[in-house]
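S.K.: generate coordinates for the sequence data below:
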Amino acid sequence: MDEKNIEITITPTYSGCPAMKQMEDDVRKQMSEQGFENILIKMVYSPPWTTDWLSAEAKLKLQQYGIAPPEESTTDKSFLTGKHKQVTCPRCKSKNTVMISQFGSTACKALYQCKDCLEAFDYFKCI
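M.R.: Okay, here's the model as predicted:
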């Protein structure tokens, strides 16, 4: 907009994401610290967010943080057949993993465990 005003658009991973208010507050705080005085944050639901929007860099950062990034695009619908996909452990890189729960620390993640290093980890679901 101009040097003191900014408009930011954010899209939740899903419409009921309970973290959106916190993310909005965090963005507003960061922009305020950068000198912006008028900060307009728009929540956009269409088009809906998809894991296909994650860049290779974002996926790498998730993995480095200990969250397994989505390995497929949203065209992967293995969950419809009841078969759980093999997910790579973000810690030891083993594919010898098992889903423990459909829901991890948030609804957009599933909880997996690595059978080799025995660590539990979140997997960012393909949505």
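S.K.: quick one: the helices in this structure?
M.R.: Residue ranges of the helices in the chain, as given by DSSP state H, are 20-33, 56-65.
S.K.: need these in TSV (columns: mean neighbour count and distance to Asp116).
M.R.: Any C-beta I mention is one placed from the backbone N, CA and C, and that applies to glycine too. Shown next, in TSV, are the helices of the chain (neighbours: other C-beta atoms under 10 Å; distance: least, C-beta to C-beta, whole Å):
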stretch	mean neighbour count	distance to Asp116
helix 20-33	13	34
helix 56-65	13	16
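S.K.: include mean pLDDT and distance to Glu119 when you put these into CSV, please.
M.R.: Converted to CSV, the helices of the chain look like this (pLDDT from 0 to 100; distance: least, C-beta to C-beta, whole Å):
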stretch, mean pLDDT, distance to Glu119
helix 20-33, 94, 26
helix 56-65, 92, 13
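S.K.: need these in a markdown table (columns: distance to Phe124).
M.R.: Below are the helices of the chain laid out as a markdown table (distance: least, C-beta to C-beta, whole Å):
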| stretch | distance to Phe124 |
| --- | --- |
| helix 20-33 | 16 |
| helix 56-65 | 6 |
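S.K.: ok, which of these comes nearest Cys117?
M.R.: The minimum distance between Cys117 and the helices of the chain falls on helix 56-65, with 14.3 Å, by C-beta to C-beta.
S.K.: what's that closest one packed up against?
M.R.: Judged by 3 or more C-beta pairs under 8 Å, 6 or more residues apart in numbering; DSSP states H and E, helix 56-65 is in contact with no other helix or strand.
S.K.: export that helix as CSV, just CAs?
M.R.: Output in CSV follows, covering the C-alpha atoms of helix 56-65 (Å, rounded to 0.1, in the frame of the first residue of the first chain):
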residue,chain,number,x,y,z
ALA,A,56,10.5,-27.2,-1.6
GLU,A,57,12.1,-24.8,0.8
ALA,A,58,9.0,-24.8,3.1
LYS,A,59,9.0,-28.6,3.1
LEU,A,60,12.7,-28.7,4.0
LYS,A,61,12.1,-26.3,6.9
LEU,A,62,9.2,-28.5,8.2
GLN,A,63,11.5,-31.5,8.0
GLN,A,64,14.3,-29.7,9.8
TYR,A,65,11.8,-28.7,12.6
